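# predicted model, plus sequence, below.
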Amino acid sequence: MSDIIRRDPRAEWIARNRLHPLHAAMQKAESSWLSANGVLRKNPHAVGFIGPNGIKRIDRSGVQQGGTGKRSSTTEAVQLPLHSVEQPAFHIVVVPDMVGGRLSSHDKDLLGLAHKLAGNDGAVVAVVFGEHKESAFDCNGVDRLLQLTGETFEGYAPEARVLALSAVESQLAPRHWLLPDSRTGGGELGRRLAAKLGERPATRVWQVADGQASGRAGAGREDLVRQAPRLILAAAECAEPVSETRHEVRPIELSEQIVRHLPRIQDLGAVAVDPALIPMAEAEFILSGGNGVKDWELFHQAAKTLGATEGASRVAVDDGFMPRNRQVGATGTWVSARVYLAVGISGAIQHLQGIGACDKVIAINLDPACDMIKRADLSVIGDSAAILQALIERIAAHRQGAARDAA
């Protein structure tokens, strides 16, 4: 595991963005280096540099702290300024989808819109049903967190969730309700909540500005502009996610009991689906192979073990290793998976265009300088066959351990 190269994509993004307030702190200044001719070069502007007249350079940039003479390291965690709302004048309630127990990119856009509507006086309240695995609510604009757990809210339970949200309405009387207009639950829940509250929601909203909400209509060819209502069902990319502040995420609880009811809908549980039958445009987890894959039998075994939908680069398709309908890219299928695992793919521009909407990209490659490594959120440098084999063995051991614990 010591050979794995780990990167911090957020720190790299801040280092590239000159408009970010933490950009200067992420710049690494080299004090000395060897030239091509082997001559030692020195940076006269580096902190602590002593010139030929014996004068030591003084750092006036504010990077040094307490006169220690040490520059801040780029490996240190970036501490964002804290946004605190002690006594909020109003509340903006967000009900994220939380697919897989984590915030999706759509959820983060929604929280960005909520933070914009809340300003400095309001507080953003996130309502989460059931257990979750998210650990970055603070970096995504959540001021208050209401977590509702119990068997009542597990699985598909829109009736129980609407009753719980009605209790939130009675307690907080939020200025706005924000839900994702998605197929993973937010669209249906938002429309049910609108009927319960007697509100006329704005749907497929892609922008809220100056008190006006703009929503798509006419199969995306027209916009409907109206005064922003209390209940907004927002589309993806409705706002920029929160990236420059962190929030307290204070837990809150409901002060009143949720009304009990007899459910008319029974959840029979999830139905297992063969990943190979899922269209790539709808797949949530894709294992994609390229020219760097030499053992395709191992690749197929890894996809089956991971439960991933198979994809491929154009080179792998042209060479006959994968069918044409599995080609990912601008000349193939544009995908929007939550996790895209690229094995042996260098990252041609057409392929990078096709995975532009993917949430998390993981790259396995021998070349640390290829474009796919630069695009990836997590990179593993090494032989693809060895890494896939180790991954299969690790998953098998994990499942065997879980089976023993269950027994």
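Received, thanks. Worth saying up front: this structure is predicted, and the values here are computed from it rather than measured.
# ends of stretch 260-269, how far apart?
Counting by Cα to Cα, to the nearest Å, you get 22 Å between the two ends of stretch 260-269.
# chain center to that stretch, what's the gap?
Relative to its chain's centre, stretch 260-269 lies at 31 Å (Cα atoms, centre = their mean, to the nearest Å).
# wait, isn't Arg144 in contact with Val249?
Yes. Here Arg144 lies in contact with Val249, judged by Cβ atoms under 8 Å, at a distance of 7.5 Å. All C-beta spots, glycine's among them, are computed from the backbone N, C-alpha and C.
# neighbour count for those two, which is higher?
Neighbours were counted for Arg144 and for Val249 using other Cβ atoms under 10 Å; Arg144 has more, 22 against 17.
# what's near enough to touch that one?
His91, Ala123, Val124, Val125, Ala126, Val249, Arg250, Pro251, Ile252 (Cβ atoms under 8 Å, 6 or more residues apart in numbering).
# ok, what's across the strand from it?
The residues listed as beta-bridge partners of Arg144 by DSSP bridges are Val125, Arg250.
# distance between the ends of stretch 209-220?
End to end - Cα to Cα - stretch 209-220 spans 19 Å.
# also stretch 121-137?
Stretch 121-137 has an end-to-end distance of 19 Å (Cα to Cα).
# mind checking how far it is from the chain centre?
In terms of Cα atoms, centre = their mean, the centre of stretch 121-137 is found 14 Å from the chain centre.
# just to revisit the earlier point, looking at the contacts of Arg144, which is nearest His106?
Closest approach between the contacts of Arg144 and His106, by Cβ to Cβ: Ala126, at 13.8 Å.
# what pLDDT does the most centrally placed residue in the chain get?
The centre of the chain sits closest to Ser105, judged by Cα atoms, centre = their mean, with a distance of 4.8 Å. Model confidence at Ser105, expressed as pLDDT, equals 86.
# measure it to Ile349 for me?
Distance check for Ser105 against Ile349: by Cβ to Cβ, to the nearest Å, it reads 22 Å.
# again with Asn17
Plainly put, Asn17 is 22 Å away from Ile349 if you go by Cβ to Cβ.
# of these two, who's got more company?
Regarding Asn17 and Ile349, a neighbour count based on other Cβ under 10 Å identifies Asn17 as having more, with 13 against 10.
# what's the closest non-adjacent residue to that one?
His23 (6.0 Å; Cβ to Cβ, 6 or more residues apart in numbering).
# tell me if I'm right that that neighbour and Trp13 touch.
No. Counting by Cβ under 8 Å, His23 stays clear of Trp13, with 10.1 Å between them.
# which SS class is Val128?
Following DSSP: H, G, I helix; E, B strand; the rest coil, Val128 is assigned to strand.
# give the contact list for the residue nearest to the centre of the chain.
Applying Cβ under 8 Å, 6+ apart, we find Ser105 in contact with Ala236, Pro241, Asp359.
# how close does it sit to Arg41?
For Ser105, the distance to Arg41 equals 44 Å [Cβ to Cβ].
# likewise Gln350?
Per Cβ to Cβ, Gln350 is found 40 Å from Arg41.
# between the two, who's got more neighbours?
Using other Cβ under 10 Å as the criterion, Gln350 and Arg41 rank with Gln350 on top: 15 against 11.
# so for the more buried one, what's the pLDDT?
Per-residue pLDDT puts Gln350 at 93.
# who does Ile364 bridge with?
Beta-bridge partners of Ile364, as defined by DSSP bridges: Val343, Val380.
# what number of residues lie near it?
Ile364: 29 surrounding residues under other Cβ under 10 Å.
# hmm, it is touching Leu341, no?
Yes. Using Cβ under 8 Å, Ile364 makes contact with Leu341 at a distance of 7.3 Å.
# quick one: find the helix or strand in the protein with the lowest mean pLDDT.
strand 32-34 (a mean of 67; mean pLDDT, DSSP states H and E).
# thought Ala194 was touching Leu165, still the case?
No. Contact between Leu165 and Ala194 fails when scored by Cβ under 8 Å: they sit 10.7 Å apart.
# and the two? which has more neighbours close in?
When Leu165 is set against Ala194 and neighbours are counted by other Cβ under 10 Å, the residue ahead is Leu165, at 25 against 21.
# now do the host helix or strand of that one, average pLDDT.
Assessed by DSSP states H and E, Leu165 sits inside helix 158-172. The average pLDDT within helix 158-172 is 93.
# check which residues of it are buried.
Of the residues in helix 158-172, Glu159, Ala160, Arg161, Val162, Leu163, Ala164, Leu165, Ala167, Val168, Glu169, Leu172 count as buried by neighbour count, 16 or more other Cβ atoms under 10 Å.
# so which elements touch that helix?
Judged by 3 or more Cβ pairs under 8 Å, 6 or more residues apart in numbering; DSSP states H and E, the packing partners of helix 158-172 are strand 91-94, strand 123-129, helix 186-197.
# what does the longest one contact?
To tie it back to what came earlier, the one meant is helix 186-197. Helix 186-197 is touched from outside by 95-97, 106, 158-159, 161-162, 165-166, 169, 177, 179-181, 199-201, 203, 230-231, 233, with contacts defined as Cβ under 8 Å, 6+ apart.
# one more pass at 6 Å, please.
Residues from elsewhere that reach helix 186-197, judged by Cβ atoms under 6 Å, 6 or more residues apart in numbering: Asp97, Pro158, Val162, Leu165, Ser166, Leu179, Pro180, Asp181, Pro201, Leu231, Leu233.
# reformat those residues as a markdown table; add distance to Leu268.
Shown next, in a markdown table, are those (distance: Cβ to Cβ, whole Å):
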| residue | distance to Leu268 |
| --- | --- |
| Asp97 | 21 |
| Pro158 | 15 |
| Val162 | 20 |
| Leu165 | 24 |
| Ser166 | 26 |
| Leu179 | 25 |
| Pro180 | 25 |
| Asp181 | 26 |
| Pro201 | 29 |
| Leu231 | 30 |
| Leu233 | 27 |
